[in-house]
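Q: no sequence on hand, only this structure:
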């Protein structure tokens with residue numbers, strides 16, 4: 001009897017349980033549908049925000065909240081920009097944020113490094129690997145119109161007893177952007193005396209080649225690479241001509257003319273420079289310009305009679321910054337006049353470099369060639385006196401060729417290989433060398 005009632009109860013409860021399960025399943029399916037609808041709505045909103053951001057910035061972007069991604073068509077070093085541009089003040093992309101989202105100060109870091117190999121037939125040198133420079137860029141906007149920028153280098157130096165790293169403040173400046181036509185800054189700069197010196201700084205990933213041209217190499221005497229003082233820059237209203245200027249006043253060369261007057265000028269005469277350039281709108285990538293630099297050089301230790309030298313440097317450049325092809329050409333003339341004897345010494349230097357990024361699947365490769373030439377007055381005391389007078393190497397005549405190739409491993413790292421053929425004075429042997437470099441930024 002009890003079994004019969006139990007079976008009857010089971011028969012009655014089964015449909016009720018199935019109905020409850022069906023209702024629960026329907027509720028879950030309804031909740032899932034609602035969740036899917038919400039997710040689709042959010043995805044559409046994210047896509048709209050990304051499109052809006054791309055249209056404003058003109059670049060491809062990653063997920064919302066991430067930094068802009070590099071354009072897929074430019075795996076090589078970015079197009080060079082003068083030192084005064086926003087990109088040189090803030091390499092981290094922070095300048096692209098909306099004004100309402102920006103906070104002050106906002107510290108940004110960028111690093112560069114390289115490792116090198118050299119082998120030449122110069123009997124006075126040894127082949128082998130060496131650490132290049134480790135470069136640290138630090139930038140921060142202090143307000144909508146005020147920003148600071150610093151560049152520090154760590155360079156390996158071998159002494160008789162050990163290998164040490166020299167630390168140098170390469171650039172340190174504060175800049176006030178009044179408007180596009182006038183920007184004023186104070187600090188230590190790369191002298192805007194030619195194009196290369198303000199387009200390519202200490203991070204060697206920025207430039208196509210391994211080495212700088214001889215006329216503007218770091219540690220050289222021919223032109224002052226660094227400058228300490230004040231600088232004004234901006235655009236000149238000129239329509240399609242795209243005129244711009246840079247002008248400055250500050251300390252000249254120190255007693256070691258390869259160094260600037262970081263701790264103060266060596267005399268009561270200020271150095272000055274003026275740079276004028278044009279970037280025609282009709283020829284995007286072209287820049288043509290020239291510069292003047294004046295100073296009173298007081299070398300130390302002083303020469304017999306304690307002469308000083310009036311220095312006037314005139315330079316000109318023509319560059320095409322596109323990569324198919326890339327073309328750079330510069331000329332500089334240096335005149336030194338002895339203030340005691342009024343004797344003048346004239347020297348000149350120039351280079352021309354051409355490169356081409358290969359098309360299609362080979363676009364990671366960028367072969368290049370550079371020709372250099374220098375005609376140095378051997379009687380110029382500032383260029384010809386040896387290490388007892390100036391620690392920097394003597395400036396000599398030069399005729400040289402460099403042929404090489406750059407291979408971009410990623411958007412932020414590259415391999416470079418070069419062969420150089422260099423001839424200097426008639427009494428010096430011709431030097432051939434093979435050089436390799438891996439350089440990167442992060």
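A: Nice, thanks for sending it over. Since this is a predicted model, take the numbers as computed values, not measurements.
Q: isn't residue 195 up against residue 331?
A: No: here residue 195 does not reach residue 331: they are 10.9 Å apart, not a contact under C-beta atoms under 8 Å. Heads up, the C-betas are built off the backbone N, CA and C, glycines and all.
Q: now do the buried residues in stretch 128-148.
A: 132, 133, 134, 135, 136, 137, 138, 139, 140, 141, 147, 148 (16 or more other C-beta atoms under 10 Å).
Q: what's near enough to touch residue 151?
A: Residues in contact with residue 151 (C-beta atoms under 8 Å, 6 or more residues apart in numbering) are 135, 136, 137, 138, 169, 170, 171, 172, 201, 202.
Q: how about the contacts made by the fourth one?
A: Each residue near residue 138 by C-beta under 8 Å, 6+ apart is listed here: 107, 108, 109, 149, 150, 151, 152.
Q: what residues does stretch 275-286 touch?
A: 79, 192-193, 238, 240-247, 287-292, 317-322.
Q: mind checking which of the residues you listed are buried?
A: Buried, going by 16+ other C-beta under 10 Å: 192-193, 242, 244-247, 287-291, 317-321, out of the contacts of stretch 275-286.
Q: residues touching the closest residue to residue 274 other than its chain neighbours, list them.
A: Distances taken as C-beta to C-beta, 6 or more residues apart in numbering put residue 247 closest to residue 274, at 4.7 Å, once the chain neighbours are dropped. Counting by C-beta under 8 Å, 6+ apart, residue 247 makes contact with 231, 232, 233, 272, 273, 274, 275.
Q: where does residue 247 land in three-state SS?
A: Using DSSP: H, G, I helix; E, B strand; the rest coil, the structure places residue 247 in strand.
Q: in the protein, what spans have low per-residue confidence?
A: 1-35, 46-101, 301-305, 385-393 (pLDDT under 70).
Q: which one's the longest strand in it?
A: Longest strand of the chain, by residue count under DSSP state E: strand 163-179.
Q: re earlier: ranking the contacts of residue 247 by neighbours, who comes first?
A: residue 275 (26 neighbours; other C-beta atoms under 10 Å).
Q: who's it bridged to?
A: residue 246, residue 291 (DSSP bridges).
Q: ok so, going back, and the furthest pair within the contacts of residue 247?
A: Largest separation among these by C-beta to C-beta: 233 and 272, giving 14.2 Å.
Q: tell me the secondary structure at residue 366.
A: Per three-state DSSP, residue 366 ends up strand.
Q: what sits against residue 231?
A: Per C-beta under 8 Å, 6+ apart, neighbours of residue 231: 84, 173, 184, 185, 186, 189, 192, 246, 247, 248, 250.
Q: same deal with residue 169?
A: Going by C-beta under 8 Å, 6+ apart, residue 169 touches 150, 151, 152, 188, 262.
Q: ok, now how distant is it from residue 403?
A: 35 Å (C-beta to C-beta, to the nearest Å).
Q: before I go, just wanted to say thanks for your time.
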